[in-house]
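>>> the sequence and its predicted three-dimensional model are supplied below.
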Amino acid sequence: MKRYVYINDDEASQDLYCDNRLSNRKYTLLNFLPKNLWEQFSRFMNQYFLLIACLQLWSLITPVNPASTWGPLIFIFAVSASKEAWDDYNRYLSDKKANEKEVWIVKQGIKKHIQAQDICVGNIVWLRENDEVPCDLVLIGTSDPQGVCYVETAALDGETDLKTRVIPAACMGMDFELLHKIKGVIECPGPDKDIRRFDANLRLFPPFIDNDVCPLTIKNTILQSCYLRNTEWACGVAVYTGNETKLGMSRGIPEPKLTAVDAMIDKLTGAIFVFQIVVVLVLGVAGNVWKDTEARKQWYVLYPNEGPWYELLVIPLRFELLCSIMIPISIKVSLDLVKSLYAKFIDWDNEMIDPETGTPSHATNTAISEDLGQVEYILTDKTGTLTENKMIFRRCCISGHFYGNENGDALKDVGLLNAVASGSPDVIRFLTVMAVCNTVIPIQSKTGAILYKAQSQDEEALVHAAAKLHMVFVNKNANIVEIRFNASVLHYEVLEILEFTSDRKRMSVVVRDCQSGKIILLSKGADEAVLPYAHAGNLLIGAISCSIWKFLRPLYFIIPKFTSGQQTRSFIEAVEQYSQLGLRTLCLAWRELREDEYAEWSLMFKEASSTLVDREWRIAEVCQRLEHDLEVLGVTAIEDRLQDGVPETIETLRKAGINFWMLTGDKQNTAVQIALSCNFISPEPKGQLLSIDGKTVDEVCRSLERVLLTMRITTSEPKDVAFVVDGWALEIALKHYRKAFTELAILSRTAICCRVTPSQKAQLVELLKSCDYRTLAIGDGGNDVRMIQQADIGVGISGREGLQAARAADYSIGKFRFLKRLILVHGRYSYNRTAFLSQYSFYKSLLICFIQIFFSFISGVSGTSLFNSLSLMAYNVFYTSIPVLVSVLDKDLSEQTVMQHPQILFYCQAGRLLNPSTFAGWFGRSLFHAIVVFVISIHVYAYEKSEMEEVSMVALSGCIWLQAFVVALETK
């Protein structure tokens, strides 16, 4: 649905769209009580306890004071409601602070102060340096003469590097006064949560411009919660306000994750409920039979001859109330409390603080700590997760000449330095592409040094390397790029930027050389996105999709007539060689454009950029028309080193029985080399790596069957077998051969998935979850968020790609190596403690309930309670609450022992501490202890005249001492 925003026109948009009032509150004063009670009673357990409490109000059937149930029930509901109220109150304070913040807007040509909540769509909002952006704005003016401003988007996407935003071409050159009076309309899509896309058009009304259409992109916007930096002032038109901003649309409560322990507790609760119903029916029938036979013979039993119609229900209902304590009312509150403490232990762990950045570990989700101890599969990203994401330029191949092969550092290669000094044309063009084809922002520090701010670590490494080779990116004023090479200064006018996308896998810029006036296309990208479009191979593959490039590489060696000879082969050799060394490769190319060719293409590009439907696809199609017949200049190789402790962490977790999958967008050779270097896979002959490839359904089918057959044969062998698959083959396998691929996933402990998209990462997580495996996904970038949210446990690394993954995750850590401690120490302890506490909660309830049942056999099966209401409340609230605190600190083994012997985790993964068998043991223990306590209590007073209160207190004391003994026996 389209939205028309009329600029500086209060009446046109005021009633159509919401104001800028933020509201993240869940409740109001009026609806808090009914809404919160509705939410709490939507759970079956709470409905059950409410029914029991209501039945106890019927004096005819209740064996105990109703306060014994209503008291704990009200207390538990009050605790939950108080927590919700406190959280909502904090949200209210946060909203109030944001809503009442003072901002500048323009109304009727006059700047005035208003509160942020009063901003309307179409208002012109003025920002000063370091101001927070109050809503989503389309930029129309800045203090920079070239219409550029810098924003920090860390609060939006977690990326700490500054980003450039530019005013639309239609607003260029407007002075300060004109911006107050500007009129026009912005045609944009309805509100959405995609922070990387904004496809809109701007029309300014005369006399500002002759009603021409000006396309708008995300580069022309500054979004809510960003900060204006390094810019004196900026102004923009409010297009989305309040909860309709992109940030507001992306807010939401994630789906709660159910742990394996919680699922087991639900099943056990159901089993106990069934057992309780059986007991109630049996005792109810027995009670009615005894009442109609033996009871009437006793002189002290005064049953009326004729009772009401519901008389048969009285004794069964009485037993239902008596046995209701089989299901402990406090189990949920107890578990929530201890789980919150488990999460705090993770936050407080000083051994999981990154010494480099001081980043501590943090548990965002406090409810799933025990699942960490039951992880069976870890799916990990590569770049920034296993590696440092600190890119270092190491080697390059320029016009067939290799640099950096001898000493591993091209920047110190004498041959390259001499080529730069002598002004080699090929080397100069290569360095020009490195310095110009990027989105890097150069910033001059107070000392005069040039600092580079880049969204991509690869781009930053390339620009730094070019600077060290004397091709220095000095400044960028709007569309003019200033390059200093030795003593000369070069200027390039950036005409168009063809942005990188995951589909195109390349980026290009169209520039005009201000010295010669020539128009040049500069490109860089993955080898399969650049080499197929080189003019040397155009006869063979110019019209062929880059997705099948890997199958055409060998043709360059065996069919020379289709190539330009040794130089082209050397580029392919360079890509293969660098990939085998685990280096990240990029191919650099350029092409000189004719004036008429660019003019014709520019019109098509402008038309594609102004469409509101399928804009991204149409732009990609137009870009393809220009990015062909490229002259490949060379190949760069960038090193991304492994993080400290990664090989040791993976090896330790493998010993703990955890399987690893690497999901990366990188090339296969690079991923395999990284996998070998970090103990992800074993080299021959100890290990074997199988490949699933193919570009057609039949090819993938044959490859998958071959790998699956090998896996079946080698399953019984000690050999470490893994498989590798690329994104194309994976797409076919998941679509057409999902059952076979699922079998392969079960058989294989290790997999490397290359060239995969974020959606494919999430699909693989879902595949393993469908096989009932507990999965943990770990990553550091925005492309890992879907995978992290899909997994049973999501772990984000607070890395150089920002905080998107860390914010979306259940747990965040500073480095990959901390995953070992997170799983082995915190995960194992949490599982052990939760398994004990949950079964202990049932044990103490069953113990007291069985004594009540045994007492009914000597009290005429009448449903009379042995214990008074106060005793029951004290037993549940005070006498048995200490184990909750004790279990939180329970450590059966020291942390050092657990870290040194990771095989101890096996029993956690198998769920051996909490399952029907272990629960049957606790059930039997409670039954046996109840028999012992009851027999002793009854026989002590068998031949004495005593009150029932005395017997009950002896029995209660026995229960308290027994449960204390059990706690001391089970914990350390």
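That came in fine, so what should we check first?

>>> switch to C-alpha atoms for all contacts and neighbour counts from now on
Will do.

>>> who's in contact with stretch 424-444?
162-164, 398-399, 419-420, 450-455, 459-460, 462-463, 466-467, 469, 471-476, 481, 483, 507-509, 522-524, 588-590, 633-634 (C-alpha atoms under 8 Å, 6 or more residues apart in numbering).

>>> of those, which belong to strands?
Counting by DSSP state E, the contacts of stretch 424-444 place 162-164, 398, 450-453, 471-476, 481, 483, 507-509, 522-524, 588-590, 633-634 in strands.

>>> list buried residues within those residues.
162-164, 398, 450, 452-453, 471-476, 481, 483, 507-509, 522-524, 588-590, 633-634 (16 or more other C-alpha atoms under 10 Å).

>>> what about the helices in the stretch 551-700 of the chain?
555-558, 566-580, 595-610, 615-626, 646-655, 668-677, 697-714 (DSSP state H, counting those that start in this stretch).

>>> out of those helices, nearest to residue 232?
helix 595-610 (29.8 Å; C-alpha to C-alpha).

>>> okay, buried residues for that closest one please.
598, 601, 602, 604, 605, 607, 608, 609, 610.

>>> contacts for it next, please.
199-201, 213-216, 519, 615, 618-619, 622-623, 625-626.

>>> now it: how far from the chain's centre is it?
Offset of helix 595-610 from its chain centre (C-alpha atoms, centre = their mean, to the nearest Å): 39 Å.

>>> tell me where the stretch 651-800 of the chain has strands.
Secondary structure of the stretch 651-800 of the chain, counting by DSSP state E, counting those that start in this stretch: strands at 659-663, 687-692, 720-726, 750-754, 775-779, 793-797.

>>> quick one: list the elements packing against the longest one.
Which is strand 720-726. strand 687-692, helix 697-714, strand 750-754 (3 or more C-alpha pairs under 8 Å, 6 or more residues apart in numbering; DSSP states H and E).

>>> please redo it, this time with the cut-off set to 10 Å
strand 659-663, helix 668-677, strand 687-692, helix 697-714, helix 727-736, helix 738-747, strand 750-754 (3 or more C-alpha pairs under 10 Å, 6 or more residues apart in numbering; DSSP states H and E).

>>> for the stretch 1-150 of the chain, which spans come out with low pLDDT?
Scanning the stretch 1-150 of the chain for pLDDT under 70 picks out 10, 12-15, 64.

>>> what about the helices in it?
10-13, 32-40, 44-55, 67-99.

>>> and the longest one, how far out from the chain middle?
Yep, that's helix 67-99 we're talking about. With C-alpha atoms, centre = their mean, you get 27 Å for helix 67-99.

>>> packing partners of that helix?
Under the contact rule (3+ C-alpha pairs under 10 Å, 6+ apart), helix 67-99 is packed against helix 32-40, helix 44-55, helix 331-347, helix 869-874.

>>> ok, now with 8 Å
helix 44-55, helix 869-874.

>>> got TSV for those helices, with distance to residue 180 too?
Listed next are the helices and strands packed on helix 67-99 as TSV, based on distance: least, C-alpha to C-alpha, whole Å:
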stretch	distance to residue 180
helix 44-55	60
helix 869-874	71
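
>>> tabulate those helices (CSV), appending mean neighbour count.
Supplementary listing: the helices and strands packed on helix 67-99 in CSV, determined by neighbours: other C-alpha atoms under 10 Å:
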stretch, mean neighbour count
helix 44-55, 16
helix 869-874, 15
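
>>> of all these, which lies closest to residue 939?
helix 869-874 (21.3 Å).

>>> could I get the CA-only coordinates of the closest one as PDB?
Presented in PDB, the C-alpha positions along helix 869-874 are these (Å, rounded to 0.1, in the frame of the first residue of the first chain):
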ATOM      1  CA  SER A 869      -4.100 -26.000  56.700                       C
ATOM      2  CA  LEU A 870      -1.300 -24.000  58.500                       C
ATOM      3  CA  SER A 871       1.000 -27.000  58.500                       C
ATOM      4  CA  LEU A 872       0.500 -27.600  54.800                       C
ATOM      5  CA  MET A 873       1.200 -23.900  54.000                       C
ATOM      6  CA  ALA A 874       4.300 -23.900  56.200                       C
END
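
>>> now do it, average pLDDT.
Taken as a whole, helix 869-874 has an average pLDDT of 78.

>>> which residues sit against it?
64, 65, 66, 67, 68, 72, 956.

>>> buried subset of those residues?
Buried, going by 16+ other C-alpha under 10 Å: 64, 66, 67, 68, 72, 956, out of the contacts of helix 869-874.

>>> pLDDT weak spots in the stretch 401-550 of the chain?
For the stretch 401-550 of the chain, the ranges with pLDDT under 70 are 455, 478, 502, 536-550.

>>> and stretch 51-66, how far apart are its ends?
Chord length of stretch 51-66, first to last residue, is 12 Å (C-alpha to C-alpha, to the nearest Å).

>>> oops, could you answer that again for stretch 130-145 instead?
End-to-end distance (C-alpha to C-alpha), stretch 130-145: 19 Å.

>>> what's the answer for stretch 479-491, then?
10 Å.

>>> can you list the buried residues in that stretch?
Applying 16+ other C-alpha under 10 Å to stretch 479-491 flags 480, 481, 482, 483, 484, 485, 490, 491 as buried.

>>> quick one, phi psi at the closest residue to residue 316 other than its chain neighbours?
Take residue 316 and drop its neighbours on the chain: the residue closest to it by C-alpha to C-alpha, 6 or more residues apart in numbering is residue 284, 4.0 Å away. When quoted as degrees, to the nearest 10, the phi and psi of residue 284 stand at phi -60, psi -50.

>>> these two touch, right, residue 284 and residue 315?
Yes. In terms of C-alpha atoms under 8 Å, residue 284 counts as a neighbour of residue 315; the distance is 5.4 Å.

>>> related to what we said a few turns ago, of the buried residues of stretch 479-491, closest to residue 765?
If you rank these by distance to residue 765 using C-alpha to C-alpha, residue 481 comes first, at 44.2 Å.

>>> check contacts around residue 880.
844, 960, 963, 964.

>>> where's the spatially closest residue to the first one that is not a sequence neighbour relative to residue 924, distance?
Looking back up the chat, that one is residue 844. Distances taken as C-alpha to C-alpha, 6+ apart place residue 963 nearest to residue 844, at 6.8 Å, with adjacent residues excluded. According to C-alpha to C-alpha, residue 963 and residue 924 sit 14 Å apart.

>>> cool, and residue 204?
Counting by C-alpha to C-alpha, the gap from residue 204 to residue 924 is 81 Å.

>>> of the two, which one has the most company?
Each of residue 204 and residue 924 has its neighbours counted (other C-alpha atoms under 10 Å); residue 204 has more, 21 against 15.

>>> which non-adjacent residue is nearest that one?
residue 184 (4.0 Å).

>>> neighbours of the closest residue to residue 714 other than its chain neighbours, how many?
Excluding the flanking residues, the one nearest residue 714 by C-alpha to C-alpha, 6+ apart is residue 721, at 7.6 Å. Neighbour count for residue 721, taken as other C-alpha under 10 Å: 22.

>>> cool, residue 322 as well?
24.

>>> distance of it relative to residue 315?
10 Å.

>>> nearest to residue 141 among the contacts of helix 595-610?
Nearest to residue 141 among the contacts of helix 595-610, with distances taken as C-alpha to C-alpha, is residue 216, at 14.1 Å.

>>> state the pLDDT value of the closest one.
89.

>>> and for residue 613?
So, for residue 613, pLDDT stands at 77.

>>> cool, and residue 795?
pLDDT, residue 795: 93.

>>> quick check: the residue nearest to residue 204 touching residue 203?
Yes. Between residue 184 and residue 203 there is a contact under C-alpha under 8 Å: 5.5 Å.

>>> please identify which of those two sits among more neighbours.
Neighbour count, other C-alpha under 10 Å: between residue 184 and residue 203, residue 203 has more, with 21 against 18.

>>> beta partners for that one?
For residue 203, the beta-bridge partners are residue 185, residue 213 (DSSP bridges).
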